[in-house]
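Participant: requesting a structural model of the entry that follows:
(2 chains)
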Amino acid sequence: MGKFKKYATITKMEMSRQMTHRFNIICYRVGNFFEVLVPLVVWTAAFRGATIIKGYTYDEMITYVIVGWLILYLTASYGFEEVAARLIYDGTLSQFIIKPISFLRYVFTLGLSRSVMAVFLSVLIQAAVIFFARGHIVARVGMVEVIILLAMIFMALIIRMLYSILISLAAFWTDEISGVDFTASTLNKFLSGAYFPINLLPVGFANFAMATPFIYTLYYPTSIILGKVSVAEAARGLAVELLWILVMYGIIKLVWRAGLKKYESVGI
Amino acid sequence: MPIIEVKNLSKTYEYYKKQPGLWASVKGLFRREKLFTQAVKEISFNIQEGELVGFLGPNGAGKTTTLKMLSGILYPTGGEAAVLGYTPWKRQKEYQKQFALVMGQKNQLWWDLPAMESFILNKEIYEVSDKDFKRNLDELVALLDIKDVLDIQVRKLSLGQRMKCELAAALLHKPKVLFLDEPTIGLDVIAQKNIRDFIKKYNRAEKTTIMLTSHYMEDIKELCDRVIIIDRGTIIYDGDLNSLIIKYAPYKELNITFDGDGVTREQVKKFGELAKFAPLAVSIKVPREKVKDVARKILASSLPVDDIMIDEVEVDDVIRQIFNKYRK
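Facilitator: Below you'll find the predicted structure:
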């Protein structure tokens, strides 16, 4: 139990630190709100000329956007990549090498704690949007589906954190990770179905997307909510997610070892 | 058994040559020249428990690199070292819990939170008991006089206050060995003195073995009985400061001021080598064994002496001399 006390302390400290930047966090959430507004406007226009687009009714699409983005916010990383990368750039990493604490675990804890306040606000805003659009929200879930969803979303959060850590490790090899970060994060968003449902893509691309871990942060859980995925398929999805967590963990360990070697040879 | 044993330790860095200019940058995208620099070249020394040793040298001499190897941040390219019986670069938890490293230009305290929060984090990282933590904290807060700054955001503290908090954070787990890398750099004179006083007191009280690097002579003079001088990766002197002065500055300075019309060069030339001359103030270099005699002679003479002082040669001058000698 003593071993985990330090991570509990880190969580508390990071949340305290977030409070000191509350204005900044609120500003970001306002921007997020507009992000959700865009697809709502576009789809509303698109559905003026059709009742079903690629298997989605208007209400289903609205649900897809609003609930989907809610799930996306629950599993997002909130600029954590730059924070972790900076620890490598400015040599703070050395502190972790000489203290009995793991840098990777520290950074993972930091990432999760960073999200707490942002998620709280995001959920608040999305809940308000859901309330306003409640006439259009479609949810075809029972107890079993809800349990699967909770597990799926939780694991999606872990996957996103691992992905962010992987991005920040690029700091070992380059001075400026903003390019890597932008492309990797945009790829993540694209393949999560944030911009449009994955099945709108040509079959080949759609299949490729389904094989990535990114679909679990929006498309897959939302499909479950819309009743487009059977319980059996959803359970299979959970298993694949777990596999992805193990794979990403393994990749991080390899990249970390290589990066650390590089860090030492340069002598920061 | 020495607490710190270093044998033929070496470290070579590799880096890429970066030429100035735009065309060179473009070329650099395709092919870069890899170069090596030997930061530390086969150095050896031993340090006993409780010693306060100064590691002195110009910028780039290899001081920080050596400390980084002894804390386990860097792997050496050759040689061996043992601190408290452990090989530092193995990074064993048991070793990490017994030493601390404070670097003058880097902070470990969380910027946006009060120092106290970072102290608590260190408490958990090093697994210090509540009782020990309270006792150590109270002692350090009193010694460093930081009671009033503990609850202020670190980013709002002055550099001197921040440095004190950094030291406190590093000592909460009562390490047996403390590595200090340029702890007084950038501080004002008063803050420097405070830090020095603290280090001296702490070393005496806790018998913590301390290795301190600096390029400020004052730090070394005030704190260290033993000094290791390093230049361009090699140790050029290892011994106590007094012996250093005696060996490399076998003379003392007689600083004399005169009344009335003063003196002429001829009148004082015979007493020794004139370091400085003005009719009313003179500085003469005299070999140590002879200095009392010469002083007596001057006082007994008819010269209008107002005041006479026997001074040690400035250590800075001694060190400068040593560096110049070894660079030739």
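
Participant: give the contact list for B:Met309.
Facilitator: Taking Cβ atoms under 8 Å, 6 or more residues apart in numbering or on different chains, we find B:Met309 in contact with B:Leu254, B:Asn255, B:Ile256. In short, each C-beta sits where N, CA and C put it, glycine included.

Participant: that one pairs with what?
Facilitator: Beta-bridge partners recorded for B:Met309 (DSSP bridges): B:Asn255.

Participant: from chain A, how far out is B:His215?
Facilitator: Distance, B:His215 to chain A, by Cβ to the nearest Cβ, to the nearest Å: 18 Å.

Participant: wait, a helix at B:Ile230?
Facilitator: No. Using DSSP: H, G, I helix; E, B strand; the rest coil, the assignment for B:Ile230 is strand, not a helix.

Participant: that one against B:Ser44, yeah?
Facilitator: No. Applying Cβ atoms under 8 Å as the test, B:Ile230 and B:Ser44 come out as separate, 11.8 Å apart.

Participant: you'd agree B:Leu274 is in a strand?
Facilitator: Yes. Assessed with three-state DSSP, B:Leu274 lies in a strand.

Participant: could you find the closest non-adjacent residue to it?
Facilitator: Excluding its sequence neighbours, the residue lying closest to B:Leu274 (Cβ to Cβ, 6 or more residues apart in numbering or on different chains) is B:Ile284, at 6.0 Å.

Participant: show me the shaky parts of the chain.
Facilitator: No chain in the question, so chain A it is. A:1-2, A:265-268 (pLDDT under 70).

Participant: should've been chain B
Facilitator: Counting by pLDDT under 70, the ranges of chain B that qualify are B:328.

Participant: for A:Ala170, see how far away the residue in chain B positioned nearest to chain A is.
Facilitator: Residue nearest to chain A within chain B (Cβ to the nearest Cβ): B:Glu124, separated by 3.8 Å. For B:Glu124, the distance to A:Ala170 (Cβ to Cβ, to the nearest Å) stands at 30 Å.

Participant: returning to what we had before: I'd guessed the residue of chain B closest to chain A sits against A:Phe4; true?
Facilitator: No. With contact defined as Cβ under 8 Å, B:Glu124 does not count as touching A:Phe4 (9.2 Å).

Participant: more neighbours: which of these two?
Facilitator: B:Glu124 (19 against 11; other Cβ atoms under 10 Å in any protein chain shown).

Participant: what's the closest non-adjacent residue to that one?
Facilitator: Excluding the flanking residues, the one nearest B:Glu124 by Cβ to Cβ, 6+ apart is A:Lys6, at 3.8 Å.

Participant: so that neighbour is in which element?
Facilitator: Assigning secondary structure by DSSP states H and E places A:Lys6 in helix A:2-19.

Participant: quick one: is the helix or strand following that helix near chain B?
Facilitator: Of the helices and strands lying after helix A:2-19 in sequence (DSSP H and E), the nearest is helix A:22-46. No. Using Cβ under 8 Å from any Cβ of the partner chain, helix A:22-46 stays clear of chain B, coming no nearer than 11.7 Å.

Participant: any idea how far helix A:22-46 is from the chain center?
Facilitator: 17 Å (Cα atoms, centre = their mean, to the nearest Å).

Participant: what is the neighbour count of whatever residue of the stretch 51-200 of chain A ends up closest to chain B?
Facilitator: Residue nearest to chain B within the stretch 51-200 of chain A: A:Pro100 (4.4 Å; Cβ to the nearest Cβ). Applying other Cβ under 10 Å, we find 18 other residues in the vicinity of A:Pro100.

Participant: ok, B:Thr184 next?
Facilitator: Other residues lying near B:Thr184 total 25 when counted by other Cβ under 10 Å.

Participant: tell me if it really is in a helix.
Facilitator: No. Under three-state DSSP, B:Thr184 sits outside any helix and is assigned coil.

Participant: ok, and the closest non-adjacent residue to it?
Facilitator: B:Gln192 (4.3 Å).

Participant: give me the distance between that neighbour and A:Thr51.
Facilitator: Distance from B:Gln192 to A:Thr51, by Cβ to Cβ: 78 Å.

Participant: show me the contacts for B:Arg320.
Facilitator: By Cβ under 8 Å, 6+ apart, no residues touch B:Arg320.

Participant: for chain B, list the residues in contact with chain A, please.
Facilitator: For chain B, the contact set with chain A under Cβ under 8 Å from any Cβ comprises B:11, B:13-15, B:39, B:65, B:68, B:71-75, B:91, B:93, B:96-97, B:99, B:101, B:106, B:108, B:110, B:112-113, B:117-118, B:120-121, B:124-127, B:153.

Participant: smallest gap between the stretch 1-150 of chain A and chain B, at which residue?
Facilitator: Nearest residue of the stretch 1-150 of chain A to chain B: A:Lys6, at 3.8 Å (Cβ to the nearest Cβ).

Participant: surely B:Trp110 touches A:Ser16?
Facilitator: No. The pair B:Trp110 / A:Ser16 is not scored as a contact, 9.0 Å apart, by Cβ under 8 Å.

Participant: shared neighbours, these two?
Facilitator: Counting by Cβ under 8 Å, 6+ apart, the common neighbours of B:Trp110 and A:Ser16 are B:Glu117.

Participant: of those two, which one has the most company?
Facilitator: Taking neighbours as other Cβ under 10 Å, B:Trp110 and A:Ser16 compare with B:Trp110 leading, 19 against 15.

Participant: helix, strand, or coil at that one?
Facilitator: Assigned with three-state DSSP, B:Trp110 falls in the coil class.

Participant: just B:Ser44 next, same as before
Facilitator: Under three-state DSSP, B:Ser44 falls in the strand class.

Participant: so who does the nearest residue to it once chain neighbours are set aside touch?
Facilitator: The shortest distance from B:Ser44 to any residue other than its chain neighbours is 5.1 Å, reached at B:Lys7 (Cβ to Cβ, 6+ apart). The contact partners of B:Lys7, taken as Cβ under 8 Å, 6+ apart, are B:Ser44, B:Gly79, B:Glu80, B:Ala81.

Participant: could you say which helix or strand holds B:Lys7?
Facilitator: According to DSSP H and E, B:Lys7 maps onto strand B:4-16.

Participant: same thing with A:Ile153?
Facilitator: Per DSSP H and E: helix A:143-168 holds A:Ile153.

Participant: which of the three states applies to the residue nearest to B:Leu274?
Facilitator: strand.

Participant: thought it was touching B:Lys270?
Facilitator: No. Look at B:Ile284 against B:Lys270 with Cβ under 8 Å: they stay out of range, at 10.0 Å.

Participant: so those two - more neighbours on which side?
Facilitator: Legend: neighbour count by other Cβ under 10 Å for B:Ile284 and B:Lys270, higher for B:Ile284 (23 against 8).

Participant: with adjacent residues omitted, what lies nearest to B:Trp111?
Facilitator: B:Arg155 (4.9 Å).

Participant: up against chain B, what does chain A have?
Facilitator: Counting by Cβ under 8 Å from any Cβ, chain A sits next to chain B at A:2, A:5-6, A:8-10, A:13, A:16-17, A:20-21, A:90-92, A:94-95, A:97-101, A:264-267.

Participant: is it possible to mark the buried ones in these?
Facilitator: Buried subset of the residues of chain A next to chain B (neighbour count, 16 or more other Cβ atoms under 10 Å in any protein chain shown): A:6, A:9-10, A:13, A:17, A:94-95, A:97-101, A:264, A:267.

Participant: count residues in the vicinity of A:Tyr89, would you?
Facilitator: 16.

Participant: and B:Glu222, how far is that from A:Ser223?
Facilitator: Between B:Glu222 and A:Ser223 the distance is 71 Å, computed by Cβ to Cβ.
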